[in-house]
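S.K.: Model the structure of this input:
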Amino acid sequence: MLLQRHAPISDLCRFYRDLIAQRSTAISLYMVFGGTNWGAFAAPVVATSYDYSSPISESRRIDSKFYETKNLALFTRVAEDLTVTNRLGNNTGYSTNPAIEASELRNPLTKGAFYVTRHTESSSGTVESFKLHVSTSVGNLTIPQHAGSIVINGHQSKILVTDFAIGDETLAYSTAEVLTYAMVDSKPVVVLSTGVGESVEFHVKDARNGSATSPGGRTNATFHSEAGGITANIAGVYGMGVYAFDNGVKIVVVDKPTAYLFWAPNLSNDPFAPVDQSSKSYGTIVMRTSLTYRSPGSRSIPCSQRQRRGRLPSAEGRHFERHHSRSLRKLQRGITLMERQATAHYSYSIRQLESNGRRFQWHHPAPLIEHLESSRHPTGEATLVR
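M.R.: Alright, predicted model coming up:
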């Protein structure tokens, strides 16, 4: 059980990735969401309040800590090679910047590798740029090979992959983290995530051509045919860009705020279902047969349809949006009802707690109460107020 109380979001991101660097294959989170004990078993007059820096706070607030935890979980679900690895190295020799070190984890069976990069000094919170020396099936490389660099921004860590299996195809390397991937119509769709404005480079093995399919055709990506595949270099990532390759691979590159809104729901009753039974969704819309996103103030648009001025197929598209509009309205009504019930329960619990306190003082003489007050827990978390 791993317990961290009130840790900053960036520290938790690095902490979990550092556990992966140490070849941990199971992590127990204490706790996922916080809670309140209104007395009862604890003591009739004491309410304990806690959430231990949980992704979902005691007040049920969801912020970036939740999304960071979700993003790492999406990655580990599809990174099957992580289940069997050897740690081949852990030093600054992997980086062109001595302020950055890396751990190399490699699967001895598939040769897929994971490079966990972070500050050499764990207390450091500086912004560092570097290139990474990696060993891949297309050669020993220093990435990115073209423009740009990898950035560690503050108390941060990144897990960068080489020879990452995506169905029958291979992502030879990426300077952005893999968020998730799924098989859509038997073809791999990969989502990569990086910081806002950071550059990204990745290599799709066995591809001969690549192109950007982003709305309006505007892109800051360049493509290079080399090492038996295509290398794409993107000068800066803002929002989302989609890149298609002639071997059927589609790469979606997003910045971190956009990655927070990506999901990969399992469409099977089996929690261990393969990736061909997952869907990709952005925001509130899910579509099984294509990657779908919702930009601010616009309709939901499948990636395969965006070059057609963003129109959905007439009958199916209208039915799809009507269905999900009804579902969202039901969800909103349910949330409102839950909030009302929670407020009513909270008010009742407060009244009950006050009543218990009065009964406690009536049944126990003042000297006993004063003794309890003077012998409070050393942390001061449990207190009795006369």
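
S.K.: excluding its backbone neighbours, what's nearest residue 62?
M.R.: With sequence-adjacent residues excluded and distances taken as Cβ to Cβ, 6 or more residues apart in numbering, residue 62 is closest to residue 56, at 5.9 Å. Placement of C-beta: from N, CA and C, glycine included.

S.K.: What count of nearby residues applies to the one you found?
M.R.: Neighbourhood size, residue 56 [other Cβ atoms under 10 Å]: 18.

S.K.: what sits against it?
M.R.: Contacts for residue 56 (Cβ atoms under 8 Å, 6 or more residues apart in numbering) come out as 32-34, 62, 66.

S.K.: what helices or strands is the longest strand seen in the chain leaning on?
M.R.: Ranked by residue count and defined by DSSP state E, the top strand of the chain is strand 157-166. Contacts defined by 3 or more Cβ pairs under 8 Å, 6 or more residues apart in numbering; DSSP states H and E place strand 157-166 against helix 9-21, strand 113-119, strand 132-136, strand 150-153, strand 169-174, strand 177-184.

S.K.: Which of these sits closest to residue 94?
M.R.: strand 132-136 (5.2 Å; Cβ to Cβ).

S.K.: Give me the next element, helix or strand, following that closest one.
M.R.: As assigned by DSSP states H and E, the chain's next helix or strand after strand 132-136 is strand 139-143.

S.K.: As CSV, could you dump the C-alpha coordinates of that following strand?
M.R.: Provided in CSV are the C-alpha atoms of strand 139-143 (Å, rounded to 0.1, in the frame of the first residue of the first chain):
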residue,chain,number,x,y,z
GLY,A,139,19.2,1.0,-35.2
ASN,A,140,20.9,2.8,-32.3
LEU,A,141,19.5,6.4,-32.4
THR,A,142,19.6,9.7,-30.7
ILE,A,143,16.1,11.1,-30.6
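
S.K.: So which bits of it are buried?
M.R.: 141, 143 (16 or more other Cβ atoms under 10 Å).

S.K.: now do stretch 235-245
M.R.: Quick answer for stretch 235-245 (16+ other Cβ under 10 Å): 237, 240-245.

S.K.: pull the CA atoms of that stretch into CSV?
M.R.: The C-alpha trace of stretch 235-245 is given here as CSV (Å, rounded to 0.1, in the frame of the first residue of the first chain):
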residue,chain,number,x,y,z
ALA,A,235,7.5,21.4,-34.4
GLY,A,236,4.9,22.2,-31.6
VAL,A,237,1.8,20.4,-30.4
TYR,A,238,-1.3,22.5,-29.7
GLY,A,239,-4.6,20.7,-29.2
MET,A,240,-4.8,17.7,-31.5
GLY,A,241,-3.4,16.6,-34.8
VAL,A,242,-4.0,13.4,-36.7
TYR,A,243,-1.5,11.7,-39.0
ALA,A,244,-2.2,8.7,-41.3
PHE,A,245,0.2,6.3,-42.9
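
S.K.: which residues are contacting that stretch?
M.R.: Residues contacting stretch 235-245 (Cβ under 8 Å, 6+ apart): 147-148, 176, 194-200, 204, 207, 209-214, 219-221, 230, 232, 234, 250-255, 258, 282, 291, 293, 295, 303, 306.

S.K.: switch to 6 Å and redo it
M.R.: With contacts defined as Cβ atoms under 6 Å, 6 or more residues apart in numbering, stretch 235-245 is touched by 194, 197-200, 204, 207, 210-214, 220, 232, 250-255, 258, 303.

S.K.: Among these, name the ones in strands.
M.R.: If you go by DSSP E, these have 194, 200, 204, 210-212, 232, 250-255 in strands.

S.K.: so can I have a markdown table of those residues showing neighbour count and distance to residue 184?
M.R.: Compiled in a markdown table, the ones in strands among the contacts of stretch 235-245 are given as follows (neighbours: other Cβ atoms under 10 Å; distance: Cβ to Cβ, whole Å):
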| residue | neighbour count | distance to residue 184 |
| --- | --- | --- |
| 194 | 24 | 22 |
| 200 | 27 | 21 |
| 204 | 28 | 16 |
| 210 | 22 | 18 |
| 211 | 16 | 18 |
| 212 | 17 | 19 |
| 232 | 25 | 20 |
| 250 | 22 | 8 |
| 251 | 25 | 13 |
| 252 | 26 | 11 |
| 253 | 27 | 17 |
| 254 | 26 | 17 |
| 255 | 21 | 22 |
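
S.K.: List just the nearest of those to residue 165.
M.R.: Using Cβ to Cβ, those come closest to residue 165 at residue 204, 12.6 Å.

S.K.: what's the neighbour count on residue 179?
M.R.: Count around residue 179 with other Cβ under 10 Å applied: 25.

S.K.: Next up, the contacts around it.
M.R.: Going by Cβ under 6 Å, 6+ apart, the list of residues near residue 179 reads 71, 74, 191, 193, 259.

S.K.: per-residue confidence for residue 75?
M.R.: On pLDDT, residue 75 comes in at 94.

S.K.: begin at 4 from here
M.R.: Got it, first residue is 4 now, which makes that one residue 78.

S.K.: What about the residue lying closest to it once chain neighbours are set aside, how many residues nearby?
M.R.: What sits nearest to residue 78 in space, not counting adjacent residues and going by Cβ to Cβ, 6+ apart, is residue 181, at 5.6 Å. The number of residues packed near residue 181 is 22, by other Cβ under 10 Å.
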